[in-house]
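K.L.:
sequence-free structure coming up:
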Ligand SMILES: C[C@@H](Nc1nc2c(c3cc(-c4cn[nH]c4)ccc13)C(=O)N=C/C2=C\CC1CC1)C(C)(C)C
């Protein structure tokens, strides 16, 4: 079976001839698979329990033939590399093992038992400002760590911000990510970008509602594109709906490019001020992570390790 070159030492293929599996190399038979959590075009994410430890994981199963047919090897390696780079920070889904068999690649990952942030926003209608401030702080801290290590997510949205057993955020789904100045040589679109105040990359459009205007107009996604998506997520936590929602994708894109959104009147002035400084058409004029840290909306929040030890505020109906 054609081997997908691995960007990280994780990849391990049990040696079928020996039959015996060496201690730290996992194989399908080491797990009992459970329910499907979500599906992508060439992958499925399921719950799984490791037979020997009874530990619960999420396992992403990727179809090798489909990946090769669709020429997606590069994206699979970017996703694996991003998950590895980010696995040490509490704000991301952790990658524990990878292995493969004749037909599939397997990523063994942390299971976020409380599902998607989106479900809580919809269930509660919207978050009060204490909850919105706390969850926004976790997301900003995670974006800061991600960008600091040269990873741009490019498709941040409440569906791929998951919640763990302690109701803390775990960002996932790096299938559209871009890794800057990395070893796997995807610099083609970047080389002729003279102006690189932030890191840029093109060739991808995120989900309609959270995609930034610069990606819509000339397909250049930079770190500021994740900041735009954060602005949309903050708006949605406070208002209960994303800022740019229209009848169809074309109308949604138009409302983004014309910055046509309205902040509900019952959102505080300090929260409105932050949203207005994030949802800015020119990426160069958008707040940077450091400026977000300083914004009065986060008064009382310390962006250090203690942030991840704070007990999350109870999410209750507004
Ligand atoms: C966005 C993503 N959805 C999800 N991806 C992951 C979950 C996950 C869990 C629930 C959940 C748990 N309890 N109730 C719902 C719902 C959706 C999930 C998880 O626990 N661990 C790793 C995951 C993903 C890791 C993989 C990208 C590398 C899609 C739809 C793409 C599968």
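P.N.:
Right, received. Where do you want to start? Here the structure is a predicted model, which means the values were calculated and not measured.
K.L.:
quick one: end-to-end distance for stretch 255-265.
P.N.:
End-to-end distance of stretch 255-265: 20 Å, with CA to CA, to the nearest Å as the criterion.
K.L.:
can you confirm residue 82 is in a strand?
P.N.:
No. Secondary structure of residue 82 (DSSP: H, G, I helix; E, B strand; the rest coil): helix, not part of a strand.
K.L.:
for it, what are its contacts?
P.N.:
Neighbour list for residue 82: 151, 174, 177, 179 [criterion: CB atoms under 8 Å, 6 or more residues apart in numbering]. (C-beta placed from N, C-alpha, C; glycine too.)
K.L.:
from the ligand, how far off is residue 58?
P.N.:
Distance, residue 58 to the ligand, by CB to the nearest ligand atom, to the nearest Å: 3 Å.
K.L.:
what of residue 223?
P.N.:
Residue 223 is 21 Å from the ligand, where distance means CB to the nearest ligand atom.
K.L.:
and that residue, what's its pLDDT?
P.N.:
Residue 223 carries a pLDDT score of 97 in this model.
K.L.:
how many other residues sit next to it?
P.N.:
25 (other CB atoms under 10 Å).
K.L.:
show me what secondary structure element comes after the strand or helix carrying residue 120.
P.N.:
For residue 120, the element it lies in under DSSP states H and E is helix 117-124. For helix 117-124, the succeeding helix or strand toward the C-terminus, using DSSP H and E, is helix 129-148.
K.L.:
who's in contact with that next one?
P.N.:
With contact meaning CB under 8 Å, 6+ apart, helix 129-148 is reached by 86, 89, 91-92, 117, 127, 152-153, 156, 161, 168-169, 171, 223, 226-227, 230, 233-234, 237-238, 268, 271, 289, 292-293, 297-298, 300-301, 303, 307-308, 310, 312-313, 315.
K.L.:
go on, stretch 231-250?
P.N.:
Stretch 231-250 is contacted from outside by 117, 121-122, 125-127, 129, 131-132, 135-136, 139, 156-158, 161, 208-210, 252, 254-256, 260-261, 263-264, 267, 271, 274-275, 278-279, 286, using CB under 8 Å, 6+ apart.
K.L.:
of these, buried ones?
P.N.:
Neighbour-count burial (16 or more other CB atoms under 10 Å) applied to those gives 117, 121, 126-127, 131-132, 135-136, 139, 156-158, 161, 208-210, 252, 255-256, 261, 263, 267, 271, 274-275, 278-279, 286.
K.L.:
if we can go back for a sec, what's the helix holding residue 120 packed up against?
P.N.:
strand 161-163, helix 223-239 (3 or more CB pairs under 8 Å, 6 or more residues apart in numbering; DSSP states H and E).
K.L.:
quick check: mean pLDDT of the first one?
P.N.:
Right, the one you point to is strand 161-163. 98.
K.L.:
list the contacts of it.
P.N.:
Residues outside strand 161-163 that contact it (CB under 8 Å, 6+ apart) are 93, 112, 114-118, 120, 139, 169-172, 233.
K.L.:
phi, psi for the residue in the chain that the ligand sits nearest to please.
P.N.:
Closest to the ligand within the chain is residue 38: 2.5 Å, counting by CB to the nearest ligand atom. Backbone torsions of residue 38, given as degrees, to the nearest 10, read phi 180, psi 160.
K.L.:
where along the stretch 151-300 of the chain do the strands fall?
P.N.:
151-152, 161-163, 169-171, 178-179, 200-201, 221-222 (DSSP state E, counting those that start in this stretch).
K.L.:
give the buried residues for the strand or helix carrying residue 76.
P.N.:
Assigned by DSSP H and E, residue 76 belongs to helix 73-86. Across helix 73-86, burial judged by 16+ other CB under 10 Å covers 75, 76, 77, 78, 79, 80, 81, 82, 83, 84, 85, 86.
K.L.:
which of the residues you listed sits closest to residue 66?
P.N.:
residue 76 (10.6 Å; CB to CB).
K.L.:
pLDDT below threshold where in the stretch 1-150 of the chain?
P.N.:
Along the stretch 1-150 of the chain, segments meeting pLDDT under 70 span 1-23.
K.L.:
same thing but 50
P.N.:
The stretch 1-150 of the chain contains residues with pLDDT under 50 at 1-2, 5-15.
K.L.:
now the stretch 151-300 of the chain
P.N.:
Judged by pLDDT under 50, the stretches of the stretch 151-300 of the chain that qualify are 185-198.
K.L.:
just the helices in it please.
P.N.:
Assigned by DSSP state H, counting those that start in this stretch, the stretch 151-300 of the chain shows helices spanning 188-191, 213-218, 223-239, 249-257, 269-278, 289-294.
K.L.:
hmm, back to that, let me know which of the helices and strands packed on helix 117-124 is tucked in deepest.
P.N.:
Neighbour counts (mean count of other CB atoms under 10 Å) averaged over each of those peak at helix 223-239, with a mean of 25.
K.L.:
before we move on, the earlier item: reformat the helices and strands packed on helix 117-124 as a markdown table; add distance to residue 44.
P.N.:
Output for these, formatted as a markdown table (distance: least, CB to CB, whole Å):
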| stretch | distance to residue 44 |
| --- | --- |
| strand 161-163 | 16 |
| helix 223-239 | 25 |
